[in-house]
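Participant: just a sequence and a predicted model for now, questions to come.
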Amino acid sequence: MLTTSELVSRIRGANGDTQEGLARRLGVSYPTINSWERGRSEPHPARRRELEDLAESLGIRAELSVLVIDDDPVTSEIVRAATRHVDASVTVGAALDGWEGLVACGAQQPNLLFLDVMMPGIDGLEVARRLPAIEGLEKMRVVFVTASQSADVLNRAASLGHAVLNKPLEFDQLARVMTETLDAQD
């Protein structure tokens, strides 16, 4: 879900409205719109619903950018399929190895990274250790995916990421992680 500030800003951008114009459209004062857009106050729930309805009519939805780094291309297809269970606009990028994934992280700046632990070349654990060197990824959530049952591997992955999911991956599990990531953006 978009914050009120993001919602107002995106509505104004999509509509070409000034704060005054949006205030007239919604029947509120200019200072009210200004306060909402600057994050100084929140609208009454009925007004929030009005903003959400207007955003929906303009085609504005919450957005989530996901990157999958896994040497098995099936994983990214499963993640793409799971996006149908998420109430948001989700884009999914994919990289088939750790090096390509690091480059994609820098270019795409995803909100959520599904990262395979075991890959040839640079593995997921090493990718995770290198992520802090990439500017702009401070808020990105890292979720490891693995078929490994090794306690050592699972513990190391848990210490480097936000969660660890076991393969085979399930749609509900993936959708829950995506929804939690959207909720954390608020």
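Facilitator: Great, that's in hand. Numbers count the residues shown, from 1 in each chain.

Participant: identify each buried residue in stretch 102-122, please.
Facilitator: By neighbour count on 16 or more other CB atoms under 10 Å, the buried set for stretch 102-122 is 102, 104-105, 108, 110-119, 122. In this view, the C-beta of every residue, glycine as well, is placed from N, C-alpha and C.

Participant: quick one, strands of this protein?
Facilitator: For the chain, the strands defined by DSSP state E cover 63-69, 89-95, 112-116, 141-146, 163-166.

Participant: least confident of those, on average?
Facilitator: Note on the strands of the chain: strand 89-95 shows the lowest mean pLDDT, a mean of 89.

Participant: out of the strands of the chain, which is closest to residue 34?
Facilitator: strand 63-69 (24.2 Å; CB to CB).

Participant: burial measure for residue 158, as a count.
Facilitator: 12 (other CB atoms under 10 Å).

Participant: would you mind measuring from it to residue 134?
Facilitator: Separation of residue 158 from residue 134 (CB to CB, to the nearest Å) stands at 21 Å.

Participant: and if you look at residue 96?
Facilitator: 19 Å.

Participant: for the two, indicate the residue with more neighbours.
Facilitator: Neighbours per residue (other CB under 10 Å) separate residue 96 from residue 134, with residue 96 holding more: 18 against 15.

Participant: show me what contacts that one?
Facilitator: By CB atoms under 8 Å, 6 or more residues apart in numbering, the residues touching residue 96 are 69, 70, 71, 73.

Participant: neighbour count and distance to residue 47 added to these, as a markdown table?
Facilitator: Formatted as a markdown table, the contacts of residue 96 follow (neighbours: other CB atoms under 10 Å; distance: CB to CB, whole Å):
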| residue | neighbour count | distance to residue 47 |
| --- | --- | --- |
| 69 | 29 | 41 |
| 70 | 26 | 43 |
| 71 | 17 | 49 |
| 73 | 11 | 45 |
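
Participant: of those, which pair is most distant in space?
Facilitator: Spatial extent of the contacts of residue 96 (CB to CB) is set by the pair 69 and 73 at 11.4 Å.

Participant: quick one: pLDDT of the closest residue to residue 94 other than its chain neighbours?
Facilitator: Leaving aside its sequence neighbours, residue 94 sits nearest to residue 76 (CB to CB, 6 or more residues apart in numbering; 3.8 Å). Listed pLDDT for residue 76 reads 94.

Participant: got the domain boundaries for this protein?
Facilitator: The chain is divided into the following domains under automatic domain parsing: 4-57, 63-184.

Participant: just name the most buried of these.
Facilitator: Most buried of the domains of the chain, by mean neighbour count (mean count of other CB atoms under 10 Å): domain 63-184, with a mean of 18.
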